[in-house]
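J.: Sequence below, structure please.
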Amino acid sequence: MSDGRRAAGSRPRNPNRRDADGEPTNLIVRRNAFQRAFDRVRNLTTSSPSRFAVLVFVVLVLLFTALFSLPIATSSGTPLPLADALFTAVSTICVTGLTTVDVAATFSPFGKVLIFLGVNIGGMGVLTLASILGLVISKRLGLRAKLMAASESNPLRSHGGPVNEGQTVRLGEVGQLLRTVALSTLLIEGLVALALYPSLLLAGIRPLEALWEAPFYAAMAFTNTGFTPNPGGLAPFADDYFLLTVLMVGVFLGSIGFPVIYTLWKHYWHVRKWALHTKLTLITTMILFVAGAAAFLILEYDNPETFGSMDAWDTTFQAFFLSAMTRSGGFAVVDIGELSGSSLIVGSMLMFVGGGSASTAGGIKVTTLAVLTLAVLSEAKGRPAVQAFGRRIPSDVQRVALSVVAWGATIVALSTIVIAQISREPIADVLFDVISAFGTVGLSTGLTAELSDPAVYVMALTIFMGRIGTVTLAAAVAATSRSQLYSLPVERPIVG
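T.: Sure, this is the predicted structure:
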């Protein structure tokens, strides 16, 4: 067939054809394609919020990677290498604080604003962010999305099976919970910024710079990130106990979790009305805070590179500050690389536990540790069920807690092996930085900044998996939840 000839029976294509209503047919085709894509996204928000949450974080990481790669994002006007831009984006969106570059010297005001916006977006949490976006897209939260949003208020509840209202926020309160997340973030960061502003002025920072650095530090504290906008980090404020205390308060409020804040806001003076989740979170958090400080005080009091040159008051305060920051805060006054090996192990343990569920902190979460501890004590006492504060903790919660620890330990072990093999650095330093990445803490022995690009990518993946949570990751990967209508014969293997 020669050019310009059509097949027999074919009709000539007319791009200007219109339908019965007078609209161009090609416009209708494009509109239908857009509508189908929109419907797929809307269905994803209601049928699989976990997968949608992972998708949201991936899109945000890619977007911020592109923004950090712009010349305007750096103070020198030179685009960041891909590995550094990607790692900074992951660390920002996942509110980690680890960095391969010097934030204060590398990034321009535009780049620091990107970090400020990124940590606030990431700090709202995986499922919370997914629920909000799903609400915007679908105009309503479907039943399964409400179940997942309610599950975020208590992630230890099994994601399969009926919802126990005693363990979670009622479905009708999900919208109020989401509003509490946004309002509490703005209110707490605003109050922390107001408290920090005078201290920054007394430290010699110009009023206009302090007007920017105060909300920046507030956001880094509440989101448990730990980026610092000024050269030297917190070293210039090492003796400003008021500023350091305000930062600790911001870190604590961010680490206890939005459901706890929600409960305290509703039942502030009525402890008996507090949910079991709230009680376990606050009690375990305070125990770890005090125990960590005592451990650092004992292990570092004679170390001339850290606490050895300080008096008794300074040593005690800095021990508590370090204990708070290893829980997920990420700020540091002393050089982490100068800590003794035993202190690095203690810090690794605290970072692995992390903060509260549905919080800006990472790790396996304090309620996971509390549930497993209660299970061990109940087994030792021969109790038929795990109990706390007059409540029975069901077996599915214990299985989820055990799964979280197992998956977390597996991720940390694999990442440590791979990075140690690539970098050939001391295993203690590698393990500390890997756990800091998994727990989205941000403290470093100095190893992360020296890693090669392949090791940087592995570390970024570790951060991402630690932020989205092992339970969320498992729920996102699982295609469907299948119910089994029969039970198999029981046989007990030998354990121990």
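J.: Any regions of this protein where pLDDT drops low?
T.: In the predicted model of the chain, residues 1-50, 125-178, 180, 470-484 satisfy pLDDT under 70.
J.: let's go with 50 and repeat that
T.: For the chain, the stretches with pLDDT under 50 are 1-11, 137-139, 150-172, 478-481.
J.: Report how many residues lie close to the closest residue in space to Ile419 that isn't next to it in sequence.
T.: Leaving aside its sequence neighbours, Ile419 sits nearest to Ala455 (Cβ to Cβ, 6 or more residues apart in numbering; 4.9 Å). (Glycine included, C-beta is placed from N, CA and C.) For Ala455, the neighbour count with other Cβ atoms under 10 Å is 23.
J.: and if you look at Ala66?
T.: Neighbour number of Ala66 under other Cβ under 10 Å is 13.
J.: repeat for Phe64
T.: 25.
J.: just to revisit the earlier point, got the contact list for the residue nearest to Ile419?
T.: Contact partners of Ala455, counting by Cβ atoms under 8 Å, 6 or more residues apart in numbering, are 418-419, 422-423.
J.: repeat that for 6 Å
T.: Applying Cβ atoms under 6 Å, 6 or more residues apart in numbering to Ala455 gives the contacts 419, 422-423.
J.: and of the residues you listed, the nearest to Leu431?
T.: Taking Cβ to Cβ as the measure, Leu431 lies nearest Ile419 of the contacts of Ala455, at 9.3 Å.
J.: just to confirm, which helix or strand has that closest one in it?
T.: In this assignment (DSSP states H and E), Ile419 forms part of helix 395-423.
J.: just the contacts of Ala455 now: which is nearest Ala195?
T.: Among these, and counting by Cβ to Cβ, the member closest to Ala195 is Ile419, at 38.4 Å.
J.: The closest one reaches Leu431, doesn't it?
T.: No. Contact criterion Cβ atoms under 6 Å: Ile419 and Leu431 do not qualify, at 9.3 Å.
J.: With neighbour numbers in mind, choose between those two.
T.: Counted by other Cβ under 10 Å, Ile419 and Leu431 do not tie: Ile419 has more neighbours, with 27 against 21.
J.: Show the contacting residues for the more buried one.
T.: So Ile419 contacts 430, 455, 458 (Cβ under 6 Å, 6+ apart).
J.: which stretches of the stretch 251-400 of the chain form strands?
T.: In the stretch 251-400 of the chain, the segments counted as strands under DSSP state E, counting those that start in this stretch are 386-388, 391-393.
J.: among those strands, which is nearest Gly232?
T.: Comparing the strands of the stretch 251-400 of the chain by Cβ to Cβ, strand 386-388 comes nearest, at 44.7 Å.
J.: who does that closest one touch, helix- and strand-wise?
T.: Helices and strands touching strand 386-388, by 3 or more Cβ pairs under 6 Å, 6 or more residues apart in numbering; DSSP states H and E, are helix 366-380.
J.: Mind doing that once more with 8 Å?
T.: helix 276-300, helix 366-380, strand 391-393 (3 or more Cβ pairs under 8 Å, 6 or more residues apart in numbering; DSSP states H and E).
J.: do you know which of those lies nearest Gly446?
T.: helix 276-300 (17.6 Å).
J.: hmm, back to that, nearest to Ala375 among the contacts of Ala455?
T.: Using Cβ to Cβ, these come closest to Ala375 at Ile419, 32.4 Å.
J.: How much space separates that closest one from Gly356?
T.: Note on Ile419: its distance to Gly356, by Cβ to Cβ, to the nearest Å, is 28 Å.
J.: What of Ser199?
T.: Distance from Ser199 to Gly356, by Cβ to Cβ: 27 Å.
J.: re the thing from before, a helix runs through the residue nearest to Ile419, doesn't it?
T.: Yes. According to DSSP: H, G, I helix; E, B strand; the rest coil, the state of Ala455 is that of a helix.
J.: just to revisit the earlier point, export the contacts of Ala455 to JSON lines and append columns for distance to Gly232.
T.: Shown next, in JSON lines, are the contacts of Ala455 (distance: Cβ to Cβ, whole Å):
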{"residue": "Ile419", "distance to Gly232": "28"}
{"residue": "Ile422", "distance to Gly232": "30"}
{"residue": "Ser423", "distance to Gly232": "26"}
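J.: Do you have the helices of the stretch 201-350 of the chain handy? List them.
T.: 207-222, 241-256, 258-266, 276-300, 312-324, 341-353 (DSSP state H, counting those that start in this stretch).
J.: mind giving me a markdown table with the ones you listed and columns for mean neighbour count and distance to Leu402?
T.: Below are the helices of the stretch 201-350 of the chain laid out as a markdown table (neighbours: other Cβ atoms under 10 Å; distance: least, Cβ to Cβ, whole Å):
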| stretch | mean neighbour count | distance to Leu402 |
| --- | --- | --- |
| helix 207-222 | 21 | 31 |
| helix 241-256 | 22 | 23 |
| helix 258-266 | 21 | 22 |
| helix 276-300 | 20 | 16 |
| helix 312-324 | 20 | 26 |
| helix 341-353 | 21 | 15 |
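J.: Export the ones you listed to a markdown table and append columns for distance to Ala449.
T.: Output for these, formatted as a markdown table (distance: least, Cβ to Cβ, whole Å):
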| stretch | distance to Ala449 |
| --- | --- |
| helix 207-222 | 18 |
| helix 241-256 | 23 |
| helix 258-266 | 32 |
| helix 276-300 | 23 |
| helix 312-324 | 20 |
| helix 341-353 | 17 |
